[in-house]
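>>> sequence-free structure coming up:
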């Protein structure tokens, strides 16, 4: 080893010891005959000093050192002089008096500062990711990620789970997002797919009798990206035999509690985690991943709107739609421009319009719906519990999804804008009983809300043929601070039920056999009842670290356009490679 100790681990009890350190020059201060360096390695930073009168050769070496040079020093640990300690540094009570030094490697001037937590253009950070990762904040993120994964492995090992790897090259199957495909050289014209998740593989492991499986799994999806998506991502993937929904939830809730309480910096707002049905979550928050760190629940005005003098309300209810409201506390003083901006946001999200009612502190009311009678206004204030100074926002639409989506996003916008979201806690909940299927108007068919291997609620199976939209799934999501961090279900384990599900999805017998024959056949050999869940490692760590983008906790992420600025990929391949793979590029 080129060092005997790590920089960040030195302490006063080691005073008088001779140590050898190696790392990067974090900062350099030259006082002529006395040079101060902050030396950094993964463990942290320590101050080293070099006096020209006591170590002339070392002083000459370090005189040439600059930021990010890699250096090795040998010296004696000593207490810092009185009044010169640094309480903000774990090693701030000591320093190392250098006796000898050498430069292990020089460094060009970096394109951004490593020793400052300054704003740097993300494209530049990603191009020089190996430099960005030197920054202490980024190192903290990846160390936290390691600690989360280590805790997960220990937790599941203690509960009898086996970690089993599954293939990266599988068969393309319709499971939601587009697959990344890999051409086969030895099978011209045929392709593997990179797994969107190990879903079918972990079910087959249950058929194989392993009963408790997990994997820190790499997954791949060719989909449009956003802050919480990457083309390749990592999830905790697990499956259990002979279980029902409650068993999975009873396993994962203590795991997340331990992760947060051991590695996080904020307490959990409510334990045990609240359990909401999908219908409840949509009715109260307009979202299946509700942020429970603040209130502002929806108020249903449908019954009041039936005989309303305001035609927009009455017409929405008559068409089988909804009229719902939220209250923005203290926002009655919003300007007309602020109110117009909220209305425009609602329209962008699918609402036909937004009605606002400001209940002013002086007892007067102003509203965009002039046709509302005084009695109706009073009834709305009573139903919504709007106090003087509050702003009531109402969406009425024949389309219940438009109401939920627009009002739900307005709730989140105003929660942040009015500083209602508690930043000192983590709020977790379960959402259960999702619809099994959702109608795709674009494709004019039913599609699986989660995936086609999710079981229906036992009592809802008869509805699959007659009223598919009413079938509830044995599915469950775990939500943290308004992010879905995990989702799972009890799976179908009988061939006839899986075939019924395929029929509901418009997948015929021949197609089902071609794409899923291996799974259907496996179900005929004694498949046990089983279920599981997958939770996002990237999302979980990002929330713990206080970020909204998972790129901050991934070592080498892609951009929003799925490009790698460091490797400059994706890139073209040579004509020889194309010939070898029997491919022709059609531009």
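Structure received. Just so you know, these numbers come straight off a predicted model, no measurement behind them.
>>> quick one: residue 242 and residue 501, what's the gap?
Computed with C-beta to C-beta, to the nearest Å, the distance linking residue 242 and residue 501 is 21 Å. The C-beta positions use only the backbone N, C-alpha and C, and glycine is treated the same way.
>>> no no, residue 240
As defined by C-beta to C-beta, residue 240 lies at a distance of 21 Å from residue 501.
>>> looking at the two, which has the bigger crowd around it?
When neighbours are counted by other C-beta atoms under 10 Å, residue 240 comes out ahead of the other of residue 240 and residue 501, with 27 against 23.
>>> and the pLDDT for the more buried one?
Reading off the confidence values, residue 240 has pLDDT 98.
>>> now do the contacts for residue 369.
For residue 369, the contact set (C-beta atoms under 8 Å, 6 or more residues apart in numbering) comprises 310, 312, 355, 357, 394.
>>> return the member of those nearest to residue 271.
Distance to residue 271, by C-beta to C-beta, is smallest for residue 394 among these, at 34.8 Å.
>>> would it be right to say that that closest one lies in a strand?
Yes - under DSSP: H, G, I helix; E, B strand; the rest coil, residue 394 sits within a strand.
>>> now, the contacts of residue 369 that are in strands?
355, 357, 394 (DSSP state E).
>>> wait, the last one touches residue 354, no?
Put plainly, it is residue 394. Yes - between residue 394 and residue 354 there is a contact at 7.3 Å, judged by C-beta atoms under 8 Å.
>>> neighbour count: the two, which is higher?
residue 394 (28 against 22).
>>> would you verify that residue 447 is located in a strand?
Yes - using three-state DSSP, the assignment for residue 447 is a strand.
>>> show me what contacts it?
With contacts defined as C-beta under 8 Å, 6+ apart, residue 447 is in contact with 437, 438, 439, 440, 505.
>>> state the pLDDT value of it.
Checking the pLDDT column for residue 447, the value is 91.
>>> again with residue 176
In the prediction, the pLDDT value recorded for residue 176 is 66.
>>> and for residue 250?
The predicted structure lists residue 250 with a pLDDT of 98.
>>> who's in contact with it?
Residues in contact with residue 250 (C-beta under 8 Å, 6+ apart): none are found.
>>> distance of it relative to residue 430?
According to C-beta to C-beta, residue 250 and residue 430 sit 11 Å apart.
>>> please state the backbone phi and psi of residue 367?
Recorded main-chain torsions at residue 367 are phi -150, psi 160, according to degrees, to the nearest 10.
>>> in the stretch 201-350 of the chain, which spans are strands?
In the stretch 201-350 of the chain, strands defined by DSSP state E, counting those that start in this stretch lie at 212-220, 232-241, 275-277, 299-300, 322-328, listed in chain order.
>>> redo those strands as JSON lines? Include distance to residue 306.
Formatted as JSON lines, the entries for the strands of the stretch 201-350 of the chain read as follows, by distance: least, C-beta to C-beta, whole Å:
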{"stretch": "strand 212-220", "distance to residue 306": "48"}
{"stretch": "strand 232-241", "distance to residue 306": "47"}
{"stretch": "strand 275-277", "distance to residue 306": "26"}
{"stretch": "strand 299-300", "distance to residue 306": "12"}
{"stretch": "strand 322-328", "distance to residue 306": "9"}
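>>> closest to residue 477 out of those?
Across these, the minimum distance to residue 477, taken as C-beta to C-beta, is reached by strand 275-277, at 9.9 Å.
>>> return the list of strands paired to that closest one, each annotated with direction.
strand 428-432 (parallel) (DSSP bridges).
>>> quick check: next helix or strand after the strand it pairs with?
Following the chain from strand 428-432 toward its C-terminal end, the next helix or strand by DSSP states H and E is strand 437-440.
>>> pull up the pairing partners for that next one, direction included.
The partner list of strand 437-440 in its sheet, established with DSSP bridges, is strand 445-448 (antiparallel).
>>> buried sites along the strand it pairs with?
Within strand 445-448, the residues that qualify as buried by neighbour count (16 or more other C-beta atoms under 10 Å) are 446, 447, 448.
>>> ok, so of the residues you listed, who is nearest residue 347?
Distances from residue 347 to the buried residues of strand 445-448, taken as C-beta to C-beta, are shortest for residue 447 (26.9 Å).
>>> distance check, that closest one against residue 463.
Computed as C-beta to C-beta, the residue 447 to residue 463 distance reads 17 Å.
>>> give the contact list for residue 247.
If a contact means C-beta under 8 Å, 6+ apart, then residue 247 has 240, 531 as its contacts.
>>> same check, this time on the one 5 residues further on
Applying C-beta under 8 Å, 6+ apart, one finds that residue 252 lies in contact with 478, 486, 533, 535.
>>> and those residues, which are buried?
Among the contacts of residue 252, those classed as buried by 16+ other C-beta under 10 Å are 478, 486, 533, 535.
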